Structure formats: C-alpha cells, structure tokens
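Chemist: got a sequence here, can you build the structure:
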Amino acid sequence: MKKVKFTLIIFWMLFSKSYDAYCTFLHTPDLSKEANPLVTLFGFDWFLLLLVISLLTLYTCYTYYLISFFPIKLYPKEKGFSFSNFIAYMYFGKKSNLLSILYRIPSFKDKRAHYSLGNILVRYLIFAGLVSTIMWLLINNSEFYRSIHNHLVIYGILFSGTFIIMYNYYKTNYKRYMQL
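Modeler: So this is what the prediction gives:
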C-alpha cells in the first residue's frame with residue numbers, strides 16, 4: 001500500500017506541474033502574461049523557469065521517497081516543549097524559538113532538513129497542483145471564470161493554503177509528541 005500511495009502522489013505532482021507548464025505555454029508562449037514571481041520579479045525565461053521548477057519538483061520527489069521509505073524521528077526526546085519550540089526542533093534538531101526559522105537555515109548535511117522541508121513541500125505541491133489544475137480547467141473551459149480570473153486571488157489561495165498546511169502538519173505532530 002505504501003508503494004501505491006507513493007506512486008500516486010509522485011504521479012500527481014509530476015502530472016500537475018507538467019499540466020501547469022503546458023497550459024502556461026499555450027496561454028503565454030512569451031511569458032508576457034505569466035504571474036509567477038520568478039518571471040515577473042526576476043525576469044526568468046522559459047529555460048530558467050522550467051529548470052528551477054523541475055529541480056524543486058525533483059527535490060520534493062526525492063524527499064518524499066526518503067519520508068516514505070526511510071522515515072526518521074523528528075520529535076525531541078525531552079518532554080515539555082512548547083508548540084513553537086517543537087516546530088523549531090523539528091526543523092533544526094535542537095531547541096530554538098520559532099522566529100529562528102525566519103533567519104536561520106538548517107544544515108542540509110543533516111538529513112533532518114530534507115525530511116522537515118520535504119514534508120511541507122510534498123503537501124504544498126499536492127495542494128498547488130490541485131489549485132493550478134482547477135484554475136487551468138476553468139480558464140480553458142469557462143468564459144465566466146476567464147472574465148473574473150485574478151492571479152492575486154490564486155496567490156492568496158496558495159499562500160493561505162500553505163499556511164494552513166504547515167499549521168496542520170505541525171499541530172498534528174505536536175499532538176502526537178504530547179501523547180508520547
């Protein structure tokens with residue numbers, strides 16, 4: 001069952017990212033209408049855009065492979081961590097405050113960073129794939145939606161969804177940690 005779940009999730013992530021790129025190309029071959037910040041802020045062309053997205057997607061697939069088949073314990077052994085200290089511990093492997101996540105980068109020599117980041121990225125790519133696929137289906141098939149489509153709403157949904165995904169992930173793990 002684990003292999004089936006892994007395969008389905010990998011397929012969904014690769015399919016939805018490919019479908020998004022395909023529809024983007026059909027909609028704006030020169031990227032003039034593209035809202036992705038890599039294009040609008042950093043001026044990426046198709047090559048750089050696809051390279052970065054492909055590398056991030058492949059990295060996420062790799063971390064999902066690790067998480068699925070070689071899990072490690074991310075919880076602290078000590079009891080009594082607050083929710084914010086627990087989140088930082090899962091990220092860094094030592095007691096720290098939640099704000100440190102904003103200005104410190106974990107060591108990627110330690111596999112903990114791959115597991116922590118991977119757990120969030122997998123969930124995000126599943127969600128973002130759902131949002132982008134629905135968006136493109138509506139753009140391609142609904143005149144009404146095309147007239148109301150706004151990239152800021154889409155980014156708002158993605159940002160809000162990411163926050164909810166992260167909160168739920170850490171809250172679920174914190175509850176498990178508190179029951180140990």
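Chemist: ranges for the helices of this structure?
Modeler: For the chain, the helices defined by DSSP state H cover 2-27, 37-40, 46-69, 83-92, 100-103, 111-141, 143-148, 151-179.
Chemist: quick one: the longest one to chain centroid distance?
Modeler: Distance of helix 111-141 from the chain centroid (CA atoms, centre = their mean, to the nearest Å) equals 5 Å.
Chemist: repeat for the fifth one
Modeler: Between the mean C-alpha point of helix 100-103 and the mean C-alpha point of its chain there is a distance of 18 Å (CA atoms, centre = their mean).
Chemist: list the buried residues in that helix.
Modeler: I101 (16 or more other CB atoms under 10 Å). All C-beta spots, glycine's among them, are computed from the backbone N, C-alpha and C.
Chemist: give me the helices and strands touching that helix, please.
Modeler: If contacts are counted by 3 or more CB pairs under 8 Å, 6 or more residues apart in numbering; DSSP states H and E, helix 100-103 sits against helix 83-92.
Chemist: what angle separates the helix it packs on from helix 151-179?
Modeler: 100 degrees (axes from the mean of the first three to the mean of the last three CA atoms, to 10 degrees).
Chemist: what about K175, how many residues nearby?
Modeler: For K175, the neighbour count with other CB atoms under 10 Å is 10.
Chemist: of the helices of the chain, which approaches P76 most closely?
Modeler: For P76, the closest of these is helix 83-92, at 4.8 Å, according to CB to CB.
Chemist: compute the inter-axis angle for the closest one and helix 111-141.
Modeler: Using the same axes, to 10 degrees: helix 83-92 against helix 111-141 is 100 degrees.
Chemist: what pLDDT does the residue of the chain most remote from its centre get?
Modeler: For the chain, the residue at maximal distance from the C-alpha centroid (CA atoms, centre = their mean) is E143, at 29.9 Å. Per-residue pLDDT puts E143 at 97.
Chemist: quick check: the gap between it and H149.
Modeler: 11 Å (CB to CB, to the nearest Å).
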